[in-house]
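Q: this is a predicted model, with the sequence first.
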Amino acid sequence: MTSRLVNNRESPPAAVPDRRPLVSLHDVVKVYPTPDGGFAALRGVTAEVFPGEFVGVIGKSGAGKSTLLNMITGVDHLSSGKVVVQANGHAVSIHDLSESDLALFRGRTIGVVHQSFQLLPMLTLLENVMLPMDLTGRYSRRQSREQALELLRLVDIEEHAHKLPTLISGGQQQRVAIARSLANDPPLLVADEPTGSLDSVTAETVFGVFEHLVAQGRTIVMVTHDHGLAPRFSRRLYLADGEFVPGEPATLEAPSPPRRKARR
């Protein structure tokens with residue numbers, strides 16, 4: 001069976017004619033209350049993510065990377081600013097939605113991959129992938145099952161579909177988590193240190209899955225502390241103390257070609 005997801009996204013990023021940003025962050029601030037006063041996790045960050053990009057947000061632990069993703073997905077409230085996500089041709093200011101509307105919007109529009117997998121241990125791998133589809137009511141039960149099997153095949157783990165998560169390795173669980181993030185065919189994937197708890201060989205396999213998805217035209221924002229991955233992203237944003245810092249421009253237009261070294 002040919003995956004509908006593969007067929008829907010054959011165009012490479014360079015061939016995407018629509019240059020409207022898929023995600024726009026405008027002066028986003030997030031301040032957490034502490035006994036000693038407010039702690040600014042994000043200090044007015046502004047950036048745009050365009051269709052077909054593989055954006056790496058790189059920084060040390062505590063730089064604000066996970067908070068940035070939480071602002072994009074709407075799982076945490078911002079202190080000020082705005083986050084706009086394009087969905088079905090409409091620009092949606094996600095933090096202006098009600099909690100119920102935001103949950104439905106997130107389920108249909110944004111796929112999330114966590115470092116800790118977050119698979120439900122009492123459900124089979126197939127059922128874990130089907131769950132987001134069942135929650136949003138986008139497919140019938142039969143369609144959900146077929147779609148979930150296609151996604152498990154896409155990440156090369158279909159033969160384990162009826163196993164529980166505890167019976168497979170960490171790397172395999174992460175591939176299932178990626179399949180689950182694609183369940184409702186969202187235009188955007190966000191990944192929070194998805195290779196952080198894996199050994200180097202397994203991490204390379206998982207990162208290769210992301211690269212494969214980008215080659216199909218997917219849009220991915222991934223946060224990591226691993227500077228060694230930087231050259232493999234189509235765009236890098238360097239975050240330190242809640243702010244973007246020099247190294248790459250904060251706005252996400254097409255990068256300039258690398259400079260040639262001067263001949264001696």
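A: Arrived safely. Residues are numbered from 1 along each chain as shown.
Q: CA atoms of the top helix by length along the chain as PDB?
A: If you go by DSSP state H, the chain has its longest helix at helix 200-215. In PDB, the C-alpha atoms belonging to helix 200-215 read as follows (Å, rounded to 0.1, in the frame of the first residue of the first chain):
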ATOM      1  CA  SER A 200      24.800   7.800  19.000                       C
ATOM      2  CA  VAL A 201      24.000   5.100  16.500                       C
ATOM      3  CA  THR A 202      20.300   5.100  17.400                       C
ATOM      4  CA  ALA A 203      20.200   8.900  17.400                       C
ATOM      5  CA  GLU A 204      21.600   8.900  13.900                       C
ATOM      6  CA  THR A 205      18.900   6.500  12.700                       C
ATOM      7  CA  VAL A 206      16.200   8.700  14.300                       C
ATOM      8  CA  PHE A 207      17.700  11.900  12.800                       C
ATOM      9  CA  GLY A 208      17.700  10.200   9.400                       C
ATOM     10  CA  VAL A 209      14.000   9.700   9.700                       C
ATOM     11  CA  PHE A 210      13.600  13.500  10.200                       C
ATOM     12  CA  GLU A 211      15.800  14.200   7.200                       C
ATOM     13  CA  HIS A 212      13.700  11.800   5.100                       C
ATOM     14  CA  LEU A 213      10.500  13.600   6.100                       C
ATOM     15  CA  VAL A 214      12.000  17.000   5.200                       C
ATOM     16  CA  ALA A 215      13.100  15.600   1.800                       C
END
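Q: right, and the helix or strand after it?
A: Next in sequence after helix 200-215, counting helices and strands by DSSP states H and E, comes strand 219-224.
Q: show the average pLDDT along that next one.
A: On average, the pLDDT along strand 219-224 is 95.
Q: got the angle between it and helix 200-215?
A: Strand 219-224 and helix 200-215 are oriented at 150 degrees to each other (axes from the mean of the first three to the mean of the last three Cα atoms, to 10 degrees).
Q: what helices and strands are in contact with strand 219-224?
A: If you count contacts as 3 or more Cβ pairs under 8 Å, 6 or more residues apart in numbering; DSSP states H and E, strand 219-224 packs onto strand 54-58, helix 65-73, strand 188-192, helix 200-215. C-betas here are computed from N, CA, C, even on glycine.
Q: name the residues of the second one that are buried.
A: Neighbour counts over helix 65-73 (16 or more other Cβ atoms under 10 Å) mark 65, 66, 67, 68, 69, 70, 71, 72, 73 as buried.
Q: just to revisit the earlier point, helices or strands up against the longest helix of the chain?
A: strand 54-58, helix 170-181, strand 219-224.
Q: contacts for the second one?
A: Read that as helix 170-181. For helix 170-181, contacts defined as Cβ atoms under 8 Å, 6 or more residues apart in numbering pick out 111-114, 117-119, 125, 128-129, 131-132, 148, 151-152, 154-157, 160, 165, 168, 189, 191, 194-195, 197-199, 202-203, 205-206, 209-210, 213.
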